[in-house]
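[1] I would like the atomic coordinates for the input below:
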Amino acid sequence: MVKTIAFLITTASLALADTQTSASYSGDFIIKVNYPYLLSKPKGYDVDQMKKWPLVIFLHGSGERGTDLELIKKHGPPKLIAAGQKFPAVIASLQCDSKNLWNPHGVKAVTDHLIKTERIDTNRVYLTGISMGGFGTWETAFEYPDTYAAIAPVCGGAGVRWVTAERLKHLPAWIFHGDKDGAVPVENSQKIYDALKKIDAPVKLTIYPGVGHNSWTATYDSPEFWKWLFEQKRS
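    Next up, the predicted model:
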């Protein structure tokens, strides 16, 4: 009787055994890209038709989403350019529509478009952004770690991407955040910084004491930041 029960249990267990089988999918996924942008060219761009220039891609925050490009002049490089500041680079300030976040593949597509249509030094292409644009900077860098010579995410974060920090081991990054940021906690930047520092990546972190969410004004007003950025070259 005991043997019979044991046999029935064994049979039942086999009947309930794992029925999963191996499978996989491989294919292409195409997205529609529609990013309007403000384009600023440096002084002398039209003089020397052979000279190639650095390219800076700027990604704004959530408050500047929409269809009015004037909105993105509120902060960052487009604000400085509108006020008359000159940069020795082509600067493209993209705009995201009001219903979406930054798509890394879309950002890369615009980057490629600008490289094809403007005289760009492909070894000096940079990516920076604030808040939502800081997150977009991380997302794009992780998806395309060999496209940009350096990144500068401001008050953003990389989320769970820190577990794949090895992808950015070679990419210079300068991270900025305010320690009193109530919108995007500073821990978002600290987490990815620690992960990159652990693998000896060329990463720097500036935390502004007593500063809230607006850590971008001090960042983009800093000549030291721009000097560092334009010194970076893709190897």
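[2] Lys197 - how many residues pack around it?
    Burial of Lys197 is recorded as 14 neighbouring residues (other Cβ atoms under 10 Å). From N, CA and C alone the C-beta is placed, and that goes for glycine too.
[3] by mean pLDDT, point me to the weakest helix or strand of this protein.
    When each helix and strand of the chain is scored by mean pLDDT, DSSP states H and E, helix 2-15 comes last, with a mean of 57.
[4] could you list the alpha-carbon positions for the helix or strand following it in CSV?
    Counting by DSSP states H and E, the next helix or strand C-terminal to helix 2-15 is strand 37-40. C-alpha atoms of strand 37-40 as CSV (Å, rounded to 0.1, in the frame of the first residue of the first chain):
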residue,chain,number,x,y,z
TYR,A,37,15.7,71.5,-32.2
LEU,A,38,17.4,74.8,-32.0
LEU,A,39,20.8,74.8,-33.7
SER,A,40,23.6,77.2,-32.9
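[5] strand 37-40 - what's its average pLDDT?
    Across strand 37-40, pLDDT averages out at 98.
[6] parallel or antiparallel, list what pairs with whatever helix or strand comes next after it.
    Using DSSP H and E, the helix or strand that directly follows strand 37-40 along the chain is strand 53-59. Applying DSSP bridges, strand 53-59 is found paired with strand 90-94 (parallel), strand 120-130 (parallel).
[7] can you report phi and psi for Pro145?
    phi -70, psi -10 (degrees, to the nearest 10).
[8] same question, Gly84
    Dihedral angles (degrees, to the nearest 10) for Gly84: phi 110, psi 0.
[9] also Ala150?
    According to degrees, to the nearest 10, Ala150 has phi -170, psi 160.
[10] list the contacts of the most centrally placed residue in the chain.
    Against the mean C-alpha coordinate of the chain, by Cα atoms, centre = their mean, the closest residue is Thr137 at 1.1 Å. For Thr137, the contact set (Cβ atoms under 8 Å, 6 or more residues apart in numbering) comprises 59, 127-129, 151-153, 156.
[11] 7 Å instead, please
    Contact analysis of Thr137 by Cβ atoms under 7 Å, 6 or more residues apart in numbering lists 59, 127-129, 151, 153, 156.
[12] identify the farthest-apart pair in the residues you listed.
    Farthest-apart pair in these is Leu127 and Gly156; separation 11.4 Å (Cβ to Cβ).
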